[in-house]
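# Quick one: sequence plus predicted model below, questions after.
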Amino acid sequence: MSMFETSGQSGGEARKARTLQKLERMNRTLRHQEPDRVPIRDFFWGGFLPRWRRELNLPDDANPYYHYDLDWIVTVPNMDPWIRPFETLRETPEEVVVRTGFGAILRKQSAWPMPEMTAWEMDTFEKLEAAEFDPPDERRRFCVAGDNQSAGVGDGFARNSPAWIETVRSLRPDFPVYGSMIEYAECLTRLIGQQNSMLWMGLYPERMGKVIDRIGAFYTACAKAEIDAAAGLPDGFVVWGDVA
């Protein structure tokens, strides 16, 4: 299970009074106004959930967002540069190796907490410089289920992640729901790896700067397309990435 797999449990589109109270809490906090209390939320690694359920003697479908009545939740569309099914390169009971829509070859061993990126399609700077991504407003990013590296590969491994807009609709009755998009450094980690990112910045600073500007513009366009596809359903937006 992925940390981004959470979907709603109540059904229907009517928002509960408690949900609107949470939204007011969030909005006041983001406006630097005093709320009734500090909003609380978290991400939960897939590997945490079975242990949490077991140790607290909870049912198999227990969900921490609902169990602790958390205040808001972040959702993730398909942010892969190329929207395509995972290509399975090897699969055994112990491990799976796939090529994703980032062109990354990922090895996920069931006993390991995180996947290992072993290679990348963009293995030269010239390939990166010439790369053309699928359109940022491609509807499959938001409205169609499918394989998706950010949602499907973390400490777990999942195929055919739900359509983002359906996840938003399912959660909205119970939580303030936020859309999200990665920034360029998060893309580079998946697209070429951290070593190549640093190396090519040093070797080709001006040319790499243009590539970074282009990736930043691409994800800005993806964010705008996500907001348009959402048709006003999310309550806010998060830009995220490991930029430290």
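Sure thing, it's come through. Residues are numbered from 1 along each chain as shown.
# all helices for this structure, in order.
Remark: helices assigned in the chain by DSSP state H are 17-30, 48-55, 64-67, 125-130, 140-143, 149-152, 164-171, 184-191, 194-203, 205-230.
# May I see those helices organised as TSV, with mean neighbour count and distance to residue 88 added?
To be clear about C-beta, it is placed using only N, CA and C from the backbone, and glycine gets the same treatment. Output for the helices of the chain, formatted as TSV (neighbours: other Cβ atoms under 10 Å; distance: least, Cβ to Cβ, whole Å):
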stretch	mean neighbour count	distance to residue 88
helix 17-30	15	40
helix 48-55	13	25
helix 64-67	16	31
helix 125-130	15	23
helix 140-143	20	20
helix 149-152	23	13
helix 164-171	22	23
helix 184-191	21	18
helix 194-203	14	25
helix 205-230	16	26
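# and of those, who's closest to residue 103?
Nearest of the helices of the chain to residue 103, taken as Cβ to Cβ: helix 184-191 at 6.5 Å.
# quick one: low-confidence ranges for this protein?
Residue ranges of the chain with pLDDT under 70: 1-12, 243-244.
# Send me stretch 130-139 as PDB with only the CA atoms.
Presented in PDB, the C-alpha positions along stretch 130-139 are these (Å, rounded to 0.1, in the frame of the first residue of the first chain):
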ATOM      1  CA  ALA A 130      16.100  16.700 -25.800                       C
ATOM      2  CA  ALA A 131      13.300  15.100 -23.800                       C
ATOM      3  CA  GLU A 132       9.700  16.100 -24.500                       C
ATOM      4  CA  PHE A 133       7.100  15.300 -21.900                       C
ATOM      5  CA  ASP A 134       3.400  14.400 -22.400                       C
ATOM      6  CA  PRO A 135       1.100  17.400 -22.300                       C
ATOM      7  CA  PRO A 136       0.600  18.900 -18.800                       C
ATOM      8  CA  ASP A 137      -3.200  19.100 -19.400                       C
ATOM      9  CA  GLU A 138      -3.500  15.400 -20.500                       C
ATOM     10  CA  ARG A 139      -6.700  14.300 -18.800                       C
END
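# how far is that stretch from where the chain is centred?
Centroid separation between stretch 130-139 and its chain, computed with Cα atoms, centre = their mean, to the nearest Å, is 17 Å.
# ok, and what's touching it?
Residues from elsewhere that reach stretch 130-139 (Cβ atoms under 8 Å, 6 or more residues apart in numbering): 80-83, 122, 218-219, 221-222, 224-225, 228-229.
# could I get those residues as JSON lines with distance to residue 198?
Below are the contacts of stretch 130-139 laid out as JSON lines (distance: Cβ to Cβ, whole Å):
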{"residue": "80", "distance to residue 198": "23"}
{"residue": "81", "distance to residue 198": "20"}
{"residue": "82", "distance to residue 198": "24"}
{"residue": "83", "distance to residue 198": "28"}
{"residue": "122", "distance to residue 198": "15"}
{"residue": "218", "distance to residue 198": "21"}
{"residue": "219", "distance to residue 198": "20"}
{"residue": "221", "distance to residue 198": "26"}
{"residue": "222", "distance to residue 198": "25"}
{"residue": "224", "distance to residue 198": "30"}
{"residue": "225", "distance to residue 198": "30"}
{"residue": "228", "distance to residue 198": "35"}
{"residue": "229", "distance to residue 198": "34"}
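# Which of those residues sits closest to residue 98?
Proximity to residue 98 was ranked across the contacts of stretch 130-139 by Cβ to Cβ; first place goes to residue 80, at 12.1 Å.
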